[in-house]
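J.: Predicted coordinates and the sequence they were generated for:
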Amino acid sequence: MLIALLMKLKGATMGQKNPVKVIILILFLGYGISIFWLNNVQKKSIALAQAKIANLGDINQDSDVNKLRAALTQLPEAIDTLEQVIQLPGVPLQPVSREITKLNYQLIAVKRKLYLAEHGLIYLRLAKQSAMAAALLVQNPPHPVETWYQAQQKWQYAINLLEKFLKKVCHIQKLEKN
């Protein structure tokens, strides 16, 4: 097709001097070259964004808080890289759009997991502290009834915290399934 266009250009410039055809042909060639260049820029941008998050591994299976925090900073950087791709009319941005959508979903999942991990750790720490306080309180029996009552309240508080933690886990798992 390019050869046919060049032959028309050659015929238009040699035999007939029609500058409008030459200008239109040059514009089409320039637009075609720019589309080719933009496709290469898109591929390089996708590769660069994937390189930024490559060291994260599979963040969908990981629950390490430090890795999730790293993902929380690296995913928006990768999304910003993809959003800066130049757009031309007539050039499909589907590969870039798909990658942005995929990274946005990963970012939402990371935020959920990080929230659960951080808040879950708080509930677990508080439950552990309360349970340890109850255990220390009744460590050397015999104790008066009031001491056993205080220990029972501390154990109940620890159990309530663990139940809250489990409810949050179940709620987030239901959200992830939907």
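T.: Received, thanks.

J.: For A71, grab the count of nearby residues.
T.: 25 (other Cβ atoms under 10 Å). (C-beta placed from N, C-alpha, C; glycine too.)

J.: how far away is it from K44?
T.: Distance of A71 to K44, computed by Cβ to Cβ, to the nearest Å: 23 Å.

J.: do I53 as well
T.: For I53, the distance to K44 - Cβ to Cβ - is 16 Å.

J.: next one: E83
T.: Note on E83: its distance to K44, by Cβ to Cβ, is 15 Å.

J.: neighbour-wise, which of I53 and K44 wins?
T.: Per other Cβ under 10 Å, whichever of I53 and K44 has more neighbours is I53, with 18 against 12.

J.: Can you tell me which residue sits nearest the middle of this protein?
T.: Note on the chain: the residue nearest the mean C-alpha position is L107, at 2.7 Å, using Cα atoms, centre = their mean.

J.: can you tell me which helix or strand that one belongs to?
T.: L107 belongs to helix 94-137 when elements are defined using DSSP states H and E.

J.: Which secondary structure elements does whatever helix or strand comes next after that helix sit against?
T.: Past helix 94-137, further along toward the C-terminus, the next helix or strand under DSSP H and E is helix 145-177. In this structure, helix 145-177 makes packing contacts with helix 94-137, judged by 3 or more Cβ pairs under 8 Å, 6 or more residues apart in numbering; DSSP states H and E.

J.: residues of stretch 159-166 that come out buried?
T.: Residues of stretch 159-166 classed as buried: 161-162, 165 (neighbour count, 16 or more other Cβ atoms under 10 Å).

J.: Likewise for stretch 44-52?
T.: Residues of stretch 44-52 classed as buried by neighbour count (16+ other Cβ under 10 Å): 45-46, 49, 52.
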